[in-house]
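Asks: Sequence and predicted structure, then a few things I'm wondering about:
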2 protein chains.
Amino acid sequence: MEQLRGNAAVGQSGGPTAAINATLAGVIRGAMECDGIGKLYGARNGIEGVLARRFLDLSGMTEENLRLLENTPAAALGSCRKKLPPDFDGEHRILYEEIFSVFREYDIRYFFYIGGNDSMDTVAKLSRFAAETGYDMRIIGVPKTIDNDLMGTDHTPGFGSAAKYIATTMQEILRDTAVYTVKAVTIVEIMGRDAGWLTAAAALPSLYADVAPDLVYLPEVPFDFDTFYEDVEGAFLRHPNVVVAVSEGVRTADGRYVGEGTQSGAADAFGHKYLAGTAKALEYAVRERFGCKVRSIELNLPQRCASHLASKTDLEESVKIGRAAVQHASSGETGRMMVFVRGTGKRYEAEIDSADIAGIANAVRKVPREWISERGNGVTEECLSYIAPLVEGQPELLYEGGLPKHFSFDL
Amino acid sequence: MEQLRGNAAVGQSGGPTAAINATLAGVIRGAMECDGIGKLYGARNGIEGVLARRFLDLSGMTEENLRLLENTPAAALGSCRKKLPPDFDGEHRILYEEIFSVFREYDIRYFFYIGGNDSMDTVAKLSRFAAETGYDMRIIGVPKTIDNDLMGTDHTPGFGSAAKYIATTMQEILRDTAVYTVKAVTIVEIMGRDAGWLTAAAALPSLYADVAPDLVYLPEVPFDFDTFYEDVEGAFLRHPNVVVAVSEGVRTADGRYVGEGTQSGAADAFGHKYLAGTAKALEYAVRERFGCKVRSIELNLPQRCASHLASKTDLEESVKIGRAAVQHASSGETGRMMVFVRGTGKRYEAEIDSADIAGIANAVRKVPREWISERGNGVTEECLSYIAPLVEGQPELLYEGGLPKHFSFDL
């Protein structure tokens, strides 16, 4: 088969991670090695940048800048949250035609989209449109999400680094909360609206250290307040400092988010209803029930952008999967998402492959029920063994004045 | 002068830091080298452990464990928040007599107390009581507080590591918040009830990177909402993603905490008044005023216990000041606090000395007004030059399974 010749474009989409720039660096490396690809354009703010013709020429990036880029958090090209219309009919068609007129104008024959669920949806639609209109083009999705909830892949780039941040921070919080002798409960809220992978990572210290969160609640199991109170009481029998890891997405059996529960009575000075957040809601509940000292901690943005604490395994794999995306496109694939396939041996190994994007977009991969304790307040050793290799290794960072050096296209 | 011979005790008190165990390791190293000291007892939970005779024998710690201890956050011996009675009269005297009866029983002639303001108060009182009762003893305070607000010392052990965590995390948050093009304000709340040293550290990235928080508010300057709104408007003229660093301790001109302001109208499902926190309060205010996307982030406990991101300078100095405490005691000093004296040369250097504890306890060292911008929404380069050397250097950590290894006396 003759190789398709033309330019390439790459974009980043969805929420930032500590590894999405490593994948971008992988795509850049791959494109430089690929004979069929002329220029590589970086689209600012994902598909929005394509529409607005806001492109950077990435073809000549230096090795030094690529290394810095790999260790820079968030999305160096900028991101967006744009969802494309569901079909190509009527007015919906206009946007697709605009995108492809830009592709034609810049002779873009390769498009790599690094993102989560919504971005894979974009890849699926664009590749269908290309096929329908007979524009010869290769469109490949490269996954990234700290949530680890994409179908079809063993895990997602970005998850390992977020999991490492959560496990490390949890271990430090456990040391911190253990110093006093007074009864206290600390509740740590972790990202993950629908899947509990990140919250499960909070239990990783139990593999190596003498500390671990007492209770771990994932969104996969309905949250029950009475069970929770009993769990806390049981933990108090072991020690005075009880630490709880909870997913932001836990819901009661009626489907309501726990964080919603407390909002009814709460309003701020402006009369706004106040969505307290899951940990805050549990903080109130525990204080009411036990009358003890309670603190809630929301790990918030740092859990997705803490590149100073990235997993070397995650970053290396993220570069590889970006590079592999170019190779798969170059060999003729389109409308596919790159995936990791874990080896079955005892030592962790992951190979890279691609999968049909249909059936991946718009679906959520959850933590299997059998990896969660029967009572729903912890995770099994099998679950931790799955996560453990993904957080291994520390990247070598460059520092300036004690702060990690980042790369920026705006410098 | 003949050297005082006897046993020694060491305790940790107040809030955890990433460096307080490094100081403990320094005291242990110092005691091992000191001829006059027989056994070194570690008191669990500070002065409470002395009263309860809960001692660990620290004399024989291995080099390997000392190294691990230096890189372990929080207080390995446990901590307390006990304040001793104000005088030695009547019933108040009983507690002091109990403490000294334990000192006599264990032949403790040296006592090292690692802590903040309240702990220095304890050191002052115990040394006065020893003098009054003619018990020959050396009592030395070793400072630790992330707040950097102790008088008499250039800076405090623990501050550099917390400042490094805050600056690094702020830099990552700045990358994260910059990825979208929609108008948004992110408000980051930083510890420091009375002094703004830690919040000032949030501006450190401006020394090296192309990102910095737009606005920085310290408790040293009264907070004014109208000025704040103008500041945010001004920042929006430069870019859509405005990032604010604010101290938990900022107050309006009438002395009320900004975090207090919003509590009046707020109550949770249980009818409790809800203290929103400073960032949360500003989040409401900004949303009400600008109608844009707003997020508040409380850095919370990790800023004081993130030893994975400790400053090497801070940890090394913390070991040294602990060791020096033993040497000063051994040479006859008592009732003193160890301090850092910064050299006047261009290259950062700090010598260790001791200072009379009277006048140190119960006072707060604030950020000088001239180190804060006239408008009160930023810090000067001189302020950042003061902080910068304290965050330098990365300690070599031991890892297991990708997580930092910690030391624990309970293993």
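Replies: All right, it came through fine. Numbers count the residues shown, from 1 in each chain, chains lettered A, B, ... in the order given.
Asks: isn't there a helix covering residue A:232?
Replies: Yes - using DSSP: H, G, I helix; E, B strand; the rest coil, the assignment for residue A:232 is a helix.
Asks: nearest residue to it other than its sequence neighbours?
Replies: The spatially closest residue to residue A:232, leaving aside those adjacent along the chain, is residue A:242, at 5.8 Å (C-beta to C-beta, 6 or more residues apart in numbering or on different chains). The way it works is simple: take the backbone N, C-alpha and C, and place the C-beta from them, glycine included.
Asks: Helix or strand next in line after the helix or strand harbouring that neighbour, which one?
Replies: Element membership of residue A:242 [criterion: DSSP states H and E] is strand A:241-247. Counting by DSSP H and E, the next helix or strand C-terminal to strand A:241-247 is helix A:258-261.
Asks: just how off-centre is that next one within its chain?
Replies: Distance of helix A:258-261 from the chain centroid (C-alpha atoms, centre = their mean, to the nearest Å) equals 23 Å.
Asks: In terms of secondary structure, what does that helix contact?
Replies: Applying 3 or more C-beta pairs under 8 Å, 6 or more residues apart in numbering or on different chains; DSSP states H and E, we find helix A:258-261 packed against helix A:278-290.
Asks: on contacts alone, who are the packing partners of the helix it packs on?
Replies: Packing contacts for helix A:278-290, counted by 3+ C-beta pairs under 8 Å, 6+ apart, involve strand A:184-190, helix A:225-238, strand A:241-247, helix A:258-261, strand A:293-298.
Asks: TSV for those, including mean pLDDT and mean neighbour count?
Replies: Converted to TSV, these look like this (pLDDT from 0 to 100; neighbours: other C-beta atoms under 10 Å in any protein chain shown):
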stretch	mean pLDDT	mean neighbour count
strand A:184-190	98	26
helix A:225-238	98	14
strand A:241-247	98	27
helix A:258-261	77	21
strand A:293-298	96	20
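Asks: Pipe the ones you listed into JSON lines and attach distance to residue A:382 per row.
Replies: As requested, the helices and strands packed on helix A:278-290 are exported to JSON lines (distance: least, C-beta to C-beta, whole Å):
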{"stretch": "strand A:184-190", "distance to residue A:382": "20"}
{"stretch": "helix A:225-238", "distance to residue A:382": "21"}
{"stretch": "strand A:241-247", "distance to residue A:382": "18"}
{"stretch": "helix A:258-261", "distance to residue A:382": "26"}
{"stretch": "strand A:293-298", "distance to residue A:382": "28"}
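Asks: can you give me the strands in chain A?
Replies: Taking DSSP state E to define them, one finds strands in chain A at A:6-12, A:37-43, A:55-57, A:108-115, A:138-143, A:184-190, A:215-217, A:241-247, A:293-298, A:336-342, A:350-356, A:399-400, A:403-404.
Asks: okay, the ones you listed in TSV with distance to residue A:365 next?
Replies: Shown next, in TSV, are those (distance: least, C-beta to C-beta, whole Å):
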stretch	distance to residue A:365
strand A:6-12	21
strand A:37-43	28
strand A:55-57	33
strand A:108-115	16
strand A:138-143	11
strand A:184-190	17
strand A:215-217	19
strand A:241-247	15
strand A:293-298	24
strand A:336-342	11
strand A:350-356	12
strand A:399-400	36
strand A:403-404	31
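Asks: quick one, what contacts residue A:71?
Replies: A:21, A:22, A:307, A:310, A:315, A:395, A:397, A:398, A:404, A:405, A:406, A:407 (C-beta atoms under 8 Å, 6 or more residues apart in numbering or on different chains).
Asks: can you do 10 Å?
Replies: Neighbouring residues of residue A:71 by C-beta atoms under 10 Å, 6 or more residues apart in numbering or on different chains: A:18-19, A:21-22, A:25, A:307-308, A:310, A:315, A:395-398, A:404-407.
Asks: Keep only these that also lie close to chain B.
Replies: By C-beta under 10 Å from any C-beta of the partner chain, the members of these lying near chain B are A:18, A:21, A:307, A:308, A:397, A:404, A:405, A:406, A:407.
Asks: can you pick the most crowded of these?
Replies: Of all those, the highest neighbour tally under other C-beta atoms under 10 Å in any protein chain shown goes to residue A:18, namely 36 neighbours.
Asks: quick one, phi psi at that one?
Replies: phi -80, psi -10 (degrees, to the nearest 10).
Asks: okay but it is in contact with residue A:391, surely?
Replies: No - judged on C-beta atoms under 10 Å, residue A:18 makes no contact with residue A:391 at a distance of 11.6 Å.
Asks: Next, show the common contact partners of those two.
Replies: A:160, A:161, A:162, A:164, A:165, A:309, A:310, A:311, A:314.
Asks: Who are the contact partners of the residue lying closest to the last one once chain neighbours are set aside?
Replies: Counting by C-beta to C-beta, 6+ apart, residue A:314 lies nearest to residue A:160, which is 3.1 Å off, once chain neighbours are set aside. Taking C-beta under 10 Å, 6+ apart as the criterion, residue A:160 is in contact with A:17-19, A:146, A:148, A:201, A:310-318, A:387-393, B:402.
Asks: what about residue A:160, distance to residue A:203?
Replies: Using C-beta to C-beta, to the nearest Å, we find residue A:160 at a distance of 16 Å from residue A:203.
Asks: Buried ones in stretch A:393-411, by neighbour count?
Replies: Buried residues in stretch A:393-411, counted by 16 or more other C-beta atoms under 10 Å in any protein chain shown: A:393, A:394, A:395, A:397, A:401, A:402, A:403, A:404, A:405, A:406, A:407.
Asks: between those, which is closest to residue A:73?
Replies: Distance to residue A:73 across the buried residues of stretch A:393-411 (C-beta to C-beta) is lowest for residue A:406, with 7.5 Å.
Asks: tell me which parts of the stretch 1-150 of chain A are close to chain B?
Replies: By C-beta under 10 Å from any C-beta, the residues of the stretch 1-150 of chain A that approach chain B are A:12-18, A:20-21, A:44-46, A:48-49, A:52, A:72-81.
Asks: and these, which are buried?
Replies: Neighbour-count burial (16+ other C-beta under 10 Å) applied to the residues of the stretch 1-150 of chain A next to chain B gives A:12-18, A:20-21, A:44-46, A:48-49, A:72-80.
Asks: and chain A, what are its domains?
Replies: A:6-158+A:307-364, A:160-305 (automatic domain parsing).
Asks: Can you tell me which of those has the worst average pLDDT?
Replies: Among these, domain A:160-305 carries the lowest mean pLDDT, at a mean of 91.
Asks: Now do the end-to-end distance for it.
Replies: Domain A:160-305 has an end-to-end distance of 12 Å (criterion: C-alpha to C-alpha, to the nearest Å).
Asks: what's the distance between the nearest residue to residue A:398 once chain neighbours are set aside and residue A:148?
Replies: The shortest distance from residue A:398 to any non-neighbouring residue, by C-beta to C-beta, 6+ apart, is to residue A:405 (4.3 Å). Distance, residue A:405 to residue A:148, by C-beta to C-beta: 28 Å.
Asks: ditto for residue A:93
Replies: As for residue A:93, its distance to residue A:148 is 35 Å (criterion: C-beta to C-beta).
Asks: more neighbours, these two?
Replies: Applying other C-beta under 10 Å to residue A:93 and residue A:148 shows that residue A:148 carries more neighbours, namely 29 against 14.
Asks: isn't that one right next to residue A:391, touching?
Replies: No - counting by C-beta under 10 Å, residue A:148 does not reach residue A:391; the two are 11.9 Å apart.
Asks: Overlap in contacts, these two.
Replies: Common neighbours of residue A:148 and residue A:391 (C-beta under 10 Å, 6+ apart) are A:159, A:160, A:162, A:163, A:201.
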